[in-house]
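Visitor: Take this sequence and fold it.
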Amino acid sequence: MQYNPPNPTIEAELFRAFVEAGAISKANSNDLKKNGFMRAARTDKGVHAGGNLISLKLIIEDPQIKEKINEKLPEGIRIWDIERVNKAFDCRKMCGSRWYEYLLPTYSLIGPKPGSILYNNIEDSKVECPGVLDEDVESKEFWEAFNKEAHEIFTDEEIDSIKSYVPPPREEFDGTDDLYLKVRKFKQLENIHRRKFRISQDKLKKFDATMKQYLGAHNFHNFTLGKDFKESSAIRFMKEIKVSEPFVIGDAKTEWISIKIHGQSFMLHQIRKMISMATLITRCGCPIERISQAYGQQKLNIPKAPALGLLLEAPVFEGYNTRLEKFGYKPIEFSKHQAEIDAFKMKHIYDKIYKEEVDENVFNAFFSYIDNFDKVTGAHGSETAEKSGNDVQRSVFEFLTARGIPEMVSEQVKQPKEKKNAENKQTESQE
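Guide: Here you go, the predicted model:
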């Protein structure tokens, strides 16, 4: 949702349709700025929108102008309504808050695959720091069921070969290679098990409780790019968060949940990082307090969840609507078009998301990459004369293990000693 010629964008399509429908004069048809064009919310590439608002000067004397504009637009872009506002109206500045929705397949909350780098790091950390992480019986049973069926189809030697398979260079790739075909069959079997996964109420409640940690005003410097802890602009306010009950949809019978987030404003990639962090904490069995710890000064490398699941639900003008009505204008509300918007989202957004996930296994690819990130990149720390033990970040995802966030661990290690000294002093005074 941004004008970026010569690249095709929603704004470019809208502007073209306005001109062709006669809503913008020929004299102003070569420049958006001449028409005071502004959008309430910008969406990045790959991010959908069910509702958005733009403000500009339009010629709207024709009672059929909305229909004429829609006739000139592609089927995937619709104008829901056109309303007059006062001259001082700026849709970006007057927008009080925004609703976003994120669609997540529930299999994303299955724990890391046994044998992966992240799984091994978590298991090692449980030995060092027992009792910190949840015992995820649900994920354990999932992987046991998959491994049982895999061993019924493949021999132990074949499974070892499959797990150690490294694709050859593209020019040497042979799609009929026997080992490659076995690798493909193995992955298809794993994918079938993921599609059959149905989340328990306990795990869903854990995820919901984790998401609720975002409510209120917090320092989200770790949930965007290029923001320092000390920058006041990193403080953002989340007003409401809703996690739906799971629902099964599509021919693949994949189970999904919908997460709706209502916030005053958002920074670059913030929502995708919020979803990613909550999902990783749930699937790794971390305490939900890791979210509030992430608001601290320690820098964390929180990955972005796939853009595929994200869509702008609608901007909200609750505060400014009162002023508009005083001036004699109608309030800006999307609710009166909700039935049309929901039908549009189902056809042009939801179905596309569901289909692309089934065809491309987007979320599986994302979390598989995360589980083996160190293996892929070699990103890990090592002990030095200055740093050793818990002060060494052994993985960029150390904060997902029982060791926790490095600075937080150091504080926790110091606390028992300070408490012991206080107790000794108290004993000495009593004696």
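Visitor: Could you use CA atoms for every contact and neighbour count after this?
Guide: Fine.
Visitor: center of the protein - which residue?
Guide: Arg272 (2.7 Å; CA atoms, centre = their mean).
Visitor: which stretches of the stretch 1-150 of the chain form helices?
Guide: With DSSP state H, counting those that start in this stretch as the criterion, the stretch 1-150 of the chain has helices at 10-21, 65-72, 91-94, 117-128, 137-153.
Visitor: export the longest one as CSV, just CAs?
Guide: I take that to be helix 137-153. Listed next in CSV are the C-alpha coordinates belonging to helix 137-153 (Å, rounded to 0.1, in the frame of the first residue of the first chain):
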residue,chain,number,x,y,z
VAL,A,137,4.3,-33.9,26.6
GLU,A,138,2.1,-32.9,23.6
SER,A,139,5.1,-32.3,21.3
LYS,A,140,6.9,-35.4,22.6
GLU,A,141,3.9,-37.6,21.7
PHE,A,142,3.7,-35.9,18.2
TRP,A,143,7.3,-36.6,17.4
GLU,A,144,7.1,-40.2,18.8
ALA,A,145,4.0,-40.9,16.6
PHE,A,146,5.8,-39.5,13.5
ASN,A,147,9.0,-41.5,14.2
LYS,A,148,7.1,-44.7,14.7
GLU,A,149,5.4,-44.4,11.3
ALA,A,150,8.7,-43.3,9.7
HIS,A,151,10.4,-46.5,11.0
GLU,A,152,7.6,-48.6,9.6
ILE,A,153,8.3,-47.2,6.1
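Visitor: Which strands and helices lie in contact with the following helix or strand past it?
Guide: Next helix or strand after helix 137-153 toward the C-terminus (DSSP states H and E): helix 156-163. Using 3 or more CA pairs under 8 Å, 6 or more residues apart in numbering; DSSP states H and E, the elements in contact with helix 156-163 are helix 178-196.
Visitor: what are the ranges of the helices in the stretch 201-350 of the chain?
Guide: Under DSSP H, counting those that start in this stretch, the stretch 201-350 of the chain gives helices at 201-212, 270-284, 290-293, 318-326, 338-345.
Visitor: Can you tell me which of the ones you listed is most buried?
Guide: helix 270-284 (a mean of 23; mean count of other CA atoms under 10 Å).
Visitor: Name the residues that touch that one?
Guide: 102, 108-112, 122, 133-134, 203, 206-207, 210-211, 220, 223-224, 287-288, 290-291, 302-307, 310, 400-401 (CA atoms under 8 Å, 6 or more residues apart in numbering).
Visitor: what do you get for stretch 90-105?
Guide: By CA under 8 Å, 6+ apart, stretch 90-105 touches 38-41, 53-55, 254-265, 275, 309-320, 363.
Visitor: Kindly give a single ChimeraX line that selects the buried subset of those residues.
Guide: Burial among these is assessed by 16 or more other CA atoms under 10 Å; the matching ChimeraX selection reads:
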select :38,39,40,41,53,55,254,255,256,257,258,259,260,261,262,263,264,265,275,309,310,311,312,313,314,315,316,317,320,363
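Visitor: which ones are touching Pro74?
Guide: Taking CA under 8 Å, 6+ apart, one finds Glu13 in contact with Pro74.
Visitor: cool, and the one 3 residues further on?
Guide: For Ile77, the residues meeting the contact criterion (CA under 8 Å, 6+ apart) are 10, 70.
Visitor: For Asn120, see how far away it is.
Guide: 47 Å (CA to CA, to the nearest Å).
Visitor: so which of the helices of the stretch 201-350 of the chain gets nearest Ala21?
Guide: helix 338-345 (22.1 Å; CA to CA).
Visitor: In CSV, list the C-alpha atoms belonging to that closest one.
Guide: Extracted C-alpha coordinates of helix 338-345, given in CSV (Å, rounded to 0.1, in the frame of the first residue of the first chain):
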residue,chain,number,x,y,z
GLN,A,338,-18.5,-5.8,7.7
ALA,A,339,-20.5,-8.4,5.7
GLU,A,340,-18.9,-7.3,2.4
ILE,A,341,-15.5,-7.0,3.9
ASP,A,342,-15.7,-10.5,5.5
ALA,A,343,-16.8,-12.1,2.2
PHE,A,344,-14.0,-10.2,0.4
LYS,A,345,-11.4,-11.4,2.9
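Visitor: what residues does that helix touch?
Guide: Contacts of helix 338-345 (CA under 8 Å, 6+ apart): 50-51.
Visitor: need the next SSE after it, C-terminal direction.
Guide: Using DSSP H and E, the first helix or strand after helix 338-345 is helix 351-360.
Visitor: which residues are in contact with that following helix?
Guide: In contact with helix 351-360 (CA under 8 Å, 6+ apart) are residues 249-250, 252, 308-309, 362-363.
Visitor: how about a cut-off of 10 Å?
Guide: Applying CA atoms under 10 Å, 6 or more residues apart in numbering, the contact partners of helix 351-360 are 48, 103-105, 191, 195, 249-254, 256, 308-310, 345-346, 350, 361-364.
Visitor: any idea of the angle it forms with helix 178-196?
Guide: 140 degrees (axes from the mean of the first three to the mean of the last three CA atoms, to 10 degrees).
Visitor: what comes up buried for helix 351-360?
Guide: 353-354, 357-358.
Visitor: now stretch 86-98
Guide: Quick answer for stretch 86-98 (16+ other CA under 10 Å): 90-92, 94-98.
Visitor: that older thread, between the buried residues of helix 351-360, which sits nearest Arg184?
Guide: After measuring these against Arg184 - CA to CA - the closest member comes out as Val358, at 15.6 Å.
Visitor: Weed out the non-buried ones from the contacts of helix 351-360.
Guide: Buried members of the contacts of helix 351-360, counted by 16+ other CA under 10 Å: 48, 103-105, 191, 195, 254, 256, 308-310, 345, 350, 362-364.
Visitor: nearest to Leu14, of those?
Guide: His48 (15.4 Å).
Visitor: Give me the pLDDT for Ala385.
Guide: pLDDT, Ala385: 59.
Visitor: And Thr279, by the same measure?
Guide: So Thr279 comes in at 98 (pLDDT).
Visitor: Likewise for Asp31?
Guide: Reported pLDDT for Asp31: 76.
Visitor: Pretty sure it sits against Leu56.
Guide: No. Between Asp31 and Leu56 there is no contact, the gap being 12.0 Å when judged by CA atoms under 10 Å.
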